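A.B. asks: no FASTA, just this:
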């Protein structure tokens, strides 16, 4: 029997850089929440990587922050 190999690809985690980009743009979770019609709690959870926005939401965030959606993603 062959030893089990770790599947490193499945261990890759995607996190977002919303908190970093908000700071770079000198803006707040509250501002983004108002622009998107979301609660500050939702934006805070995204900023802290407790949960992730959908791809559509990520595109909307990028539009409001005037960055590429790719600028909001970290691949670890």
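C.D. replies: Happy to help now that I have it. The shown structure was predicted, so the numbers you read here are calculated from the model rather than taken from an experiment.

A.B. asks: quick one: contacts of the one helix or strand residue 63 maps to?
C.D. replies: For residue 63, the enclosing helix or strand under DSSP states H and E is helix 55-65. For helix 55-65, contacts defined as CB atoms under 8 Å, 6 or more residues apart in numbering pick out 16, 18, 21-22, 25, 27, 32, 35-36, 46, 53, 68-69, 71-73. Where you see a C-beta, it was placed from the backbone N, CA and C, and this is true even at glycine.

A.B. asks: Relative to residue 18, how far out is the nearest residue to residue 66 once chain neighbours are set aside?
C.D. replies: Nearest residue to residue 66 in three dimensions, chain neighbours excluded: residue 25, at 7.7 Å (CB to CB, 6 or more residues apart in numbering). Distance, residue 25 to residue 18, by CB to CB, to the nearest Å: 11 Å.

A.B. asks: out of those two, which sits in the more crowded spot?
C.D. replies: Shown here are residue 25 and residue 18; by other CB atoms under 10 Å, residue 18 has more neighbours (24 against 14).

A.B. asks: Understood, closing this out.
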